[in-house]
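sequence and predicted structure below; questions after.
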Amino acid sequence: MSNSTVTIQRHIAAQQTLHPEATGQFTAMLWDLVLAFKMIAREVRRAGLIDILGSIGRTNVHGEKVQKLDEYAQDLIYHSMLAGGHVCCMASEERAEMIPLPRERRRGKHVLLYDPLDGSSNIDVNISIGTIFSIHKKVTPGADGALEDCLQPGTKQIAAGYVIYGSSVMLVYTTGFGVHGFTLDPTIGEFLLSHENIRMPARGKTYSINEGNSASFDPATAKYVHWIKQKDPETGRPYSLRYVGTLVADIHRTLINGGIFMYPAAPKPKLRLLYEGAPMAMIVEQAGGRATNGTQRILDIQPTDLHQKVPLIIGSPEDVEIYEEFIQGRDS
Ligand code: P6P
């Protein structure tokens with residue numbers, strides 16, 4: 001049992017002192033998010049016991065079946081942000097358009113971009129799922145949020161994080177001063193600091209990619225995946241394949257153990273830049289890792305659409321650099 005008594009609330013408050021310009025709005029917004037995460041965790045844990053498993057028959061903007069827990073998580077985060085009054089607008093994987101605030105609601109100076117329940121296709125088979133969030137400052141004049149406030153490059157994020165609902169529930173976040181992990185102690189309902197200042201190993205021992213798509217990989221990715229499986233003790237090869245099919249779970253393993261995760265351009269990009277690629281890239285870079293689309297740093301990409309997809313190659317710096325050599329034709 002952890003003997004940590006550093007709750008995430010205390011940690012967030014301490015992080016605020018690192019941001020001289022902080023007004024407390026940002027801290028309060030993170031606290032509101034934490035409450036929503038605790039309630040989602042409770043429902044995920046109960047999902048096997050009460051009738052919220054299975055699809056509600058609708059599909060989201062990407063044509064994916066919407067699971068009941070998706071809608072629950074979506075609504076919970078939305079209403080938690082409305083109650084707090086610290087955002088001017090939001091964007092979610094579950095909503096086609098930018099989410100404005102109702103007229104009567106108090107507006108704040110932050111923008112929340114989120115995937116309320118990542119990996120929802122794994123809900124019914126009890127495989128880890130997650131929530132991903134990205135926070136920006138409002139950049140347009142006036143009180144109401146605008147699309148331009150959502151379409152900011154990843155370098156402008158003021159915070160990013162994820163929750164993984166797995167064997168334990170963990171919240172991992174950064175405000176630009178390192179990456180910190182908290183484990184939910186359900187007996188007291190608190191996220192307690194369990195992984196302070198996470199640093200990603202320079203190189204790992206696993207590669208993570210959907211090998212089922214290998215017939216459609218671009219030649220450079222196919223060449224890299226073939227190379228990583230060759231026996232070469234000096235470079236720690238062959239790497240082991242680990243692929244959960246939930247981005248949060250695959251990234252969390254890569255963050256802690258090192259290695260490389262790839263969702264490449266071929267057969268086609270699937271991961272969304274705003275609320276998957278960019279927040280994960282901020283977290284991984286803050287932990288010493290790298291995140292690219294193969295030729296460009298993820299955080300430098302200027303978004304043009306709320307749900308635009310990007311190839312995502314992310315993980316230990318040495319592993320990602322080698323992949324980039326293959327993609328750029330510089331491999332030995
Ligand atoms: P594939 C889950 O549906 C998701 O959006 C990510 O969480 C995950 O990394 C990816 O899709 C898995 O996609 O095509 O390998 O099943």
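Received it, and whenever you're ready, just let me know what you need.

what sits against Val320?
By C-beta atoms under 8 Å, 6 or more residues apart in numbering, the contact list for Val320 reads Ile260, Gly289, Arg290, Ala291, Thr292, Ile313, Ile314. C-beta coordinates here come from the backbone N, C-alpha and C atoms, glycine included.

so it: helix, strand or coil?
Three-state call for Val320 (DSSP: H, G, I helix; E, B strand; the rest coil): helix.

for it, report the pLDDT, please.
For Val320, the pLDDT comes out at 98.

roughly how far apart are it and Gly259?
Going from Val320 to Gly259 by C-beta to C-beta, to the nearest Å gives 10 Å.

flag the shaky bits of the protein, pLDDT-wise.
Within the chain, the segments meeting pLDDT under 70 span 1-3, 48-55, 66-67, 332.

any idea how it splits into domains?
3-195, 206-327 (automatic domain parsing).

please report how far the residue nearest to Lys268 when sequence neighbours are not counted lies from the ligand.
Sequence neighbours aside, Lys309 is the residue nearest to Lys268 in space, at 7.7 Å (criterion: C-beta to C-beta, 6 or more residues apart in numbering). Shown here: Lys309 relative to the ligand, a distance of 10 Å by C-beta to the nearest ligand atom, to the nearest Å.

give me the beta-bridge partners of Lys309?
Taking DSSP bridges, one obtains Arg272 as the residues bridged to Lys309.

quick one: the helices in the chain?
8-16, 25-46, 68-84, 147-150, 219-228, 247-257, 278-286, 317-327 (DSSP state H).

right, so the ones you listed: which one is the most enclosed?
Of all the helices of the chain, helix 278-286 carries the top mean neighbour count, a mean of 27, counting by mean count of other C-beta atoms under 10 Å.

so which elements touch it?
strand 129-137, strand 159-165, strand 169-174, helix 247-257, strand 290-292, strand 312-315 (3 or more C-beta pairs under 8 Å, 6 or more residues apart in numbering; DSSP states H and E).

that helix vs helix 317-327, what angle?
Helix 278-286 runs at 120 degrees relative to helix 317-327, counting by axes from the mean of the first three to the mean of the last three C-alpha atoms, to 10 degrees.

what about His195, neighbour count?
His195 sits with 15 neighbouring residues when counted by other C-beta atoms under 10 Å.

do the one 4 residues further on as well
Counted with other C-beta under 10 Å, residues neighbouring Arg199 total 14.

quick one: it and Gln286 touch, right?
No - with contact defined as C-beta atoms under 8 Å, Arg199 and Gln286 do not form a contacting pair (9.7 Å).

for Trp227, give me its contacts.
Arg237, Phe326, Asp331.

who's in contact with Lys223?
Phe326, Asp331.

that one and Thr183, how far apart?
Taking C-beta to C-beta, one finds Lys223 at 40 Å from Thr183.

likewise Gln9?
Counting by C-beta to C-beta - Gln9 and Thr183 are separated by 15 Å.

quick check: the gap between the closest residue to His195 other than its chain neighbours and Arg95.
The shortest distance from His195 to any non-neighbouring residue, by C-beta to C-beta, 6+ apart, is to Gly181 (3.1 Å). Gly181 is 29 Å from Arg95, where distance means C-beta to C-beta.

the more surrounded of these two?
Under the criterion of other C-beta under 10 Å, the comparison of Gly181 against Arg95 puts Gly181 first, with 21 against 16.

give the contact list for Ser4.
Leu192, Leu193, Ser194.

what is the neighbour count of Glu104?
5.

would TSV of the contacts of Val320 with distance to the ligand and neighbour count be doable?
Below are these laid out as TSV (distance: C-beta to the nearest ligand atom, whole Å; neighbours: other C-beta atoms under 10 Å):
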residue	distance to the ligand	neighbour count
Ile260	14	25
Gly289	17	30
Arg290	18	22
Ala291	14	24
Thr292	16	22
Ile313	13	26
Ile314	11	32
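
wait, which of those residues is closest to Gly130?
Ile314 (14.9 Å; C-beta to C-beta).

need the contact list for that closest one.
251, 254, 260-261, 280-281, 284, 289-292, 298, 320.

repeat the analysis, applying 7 Å as the threshold.
Contact analysis of Ile314 by C-beta atoms under 7 Å, 6 or more residues apart in numbering lists Ile251, Phe261, Met280, Ala281, Val284, Gly289, Ala291, Val320.

what about the residue nearest the centre of the chain, distance to Pro102?
The centre of the chain sits closest to Ile132, judged by C-alpha atoms, centre = their mean, with a distance of 3.8 Å. Between Ile132 and Pro102 the distance is 25 Å, computed by C-beta to C-beta.
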